[in-house]
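*Asks:* What follows is a predicted structure for the sequence shown.
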Amino acid sequence: MRWLIHFFNQIDRSFARAVELCLMLILFFMGGVTLLQVILRDVFDSGIANAEILSRHMVLWITFLGAMLGTRTRGHIAIDMVARLLPRRPRNALRILLDAVACIVSYYLMKASYAFVLDEKMMGGMLVGNIPTWWAQAVIPFGFAVISFEYAIGIVLDIKRIREVGDRHTAGDWRRYISN
């Protein structure tokens, strides 16, 4: 069983590195396009066609890739004052419940965004040149699917860890458990 956890941990780390690399490349490219657009407009009275639209879609990608990484590390914004005041057992139950709600909401957002992307595909809009708009928007259902999957994995591993060590485990801290 330990080798399976190690195997999935390696896949998880590789996926996270790929997402981080995509984030850096998109951010670098977006900054370059924006800078080039400003220079072309101010100096040469020209510009890049659809640069603003392209930048907006790159912001969409940065948002969802960042959300995937934030969910992976549970580093997203959280208002957990109530959870911090609770003893460990009710805190664990509350965190698992909140993760389950987030998992379900992300799943339904994934389904809705998938339908949205299919509608965009049927409309046949183009982003830039011959790049269909739906290609750029495909990150939305993919992002929600990864977020939902991360929450589901976290719930299962938290319950497994609580069964193994009881109240010594803090729900939401499962990534540290599989890294050891």
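*Replies:* Okay, I see it.
*Asks:* Below-threshold pLDDT in the protein: ranges please.
*Replies:* 1, 78-79, 83, 169-180 (pLDDT under 70).
*Asks:* Remind me what the lengthiest helix in it packs against, helices and strands.
*Replies:* Ranked by residue count, the top helix of the chain under DSSP state H comes out as helix 2-44. Secondary structure elements in contact with helix 2-44, counted by 3 or more CB pairs under 8 Å, 6 or more residues apart in numbering; DSSP states H and E, are helix 51-73, helix 174-179. C-beta: built from backbone N, CA, C; applies to glycine.
*Asks:* if you set the cut-off to 6 Å instead, what comes out?
*Replies:* helix 51-73 (3 or more CB pairs under 6 Å, 6 or more residues apart in numbering; DSSP states H and E).
*Asks:* Outside of the very next helix or strand once past the helix it packs on itself, list whatever touches it.
*Replies:* Once helix 51-73 ends, the next helix or strand along the chain (criterion: DSSP states H and E) is helix 81-85. Counting by CB atoms under 6 Å, 6 or more residues apart in numbering, the neighbours of helix 81-85 from elsewhere in the structure are 91, 94.
*Asks:* just the angle between the next helix or strand after helix 81-85 and helix 51-73, please?
*Replies:* In the C-terminal direction, the helix or strand that comes right after helix 81-85 (DSSP H and E) is helix 88-123. Between the axis of helix 88-123 and that of helix 51-73 there is an angle of 150 degrees, by axes from the mean of the first three to the mean of the last three CA atoms, to 10 degrees.
*Asks:* elements contacting helix 88-123?
*Replies:* Using 3+ CB pairs under 6 Å, 6+ apart as the test, helix 88-123 ends up in contact with helix 133-137, helix 139-165.
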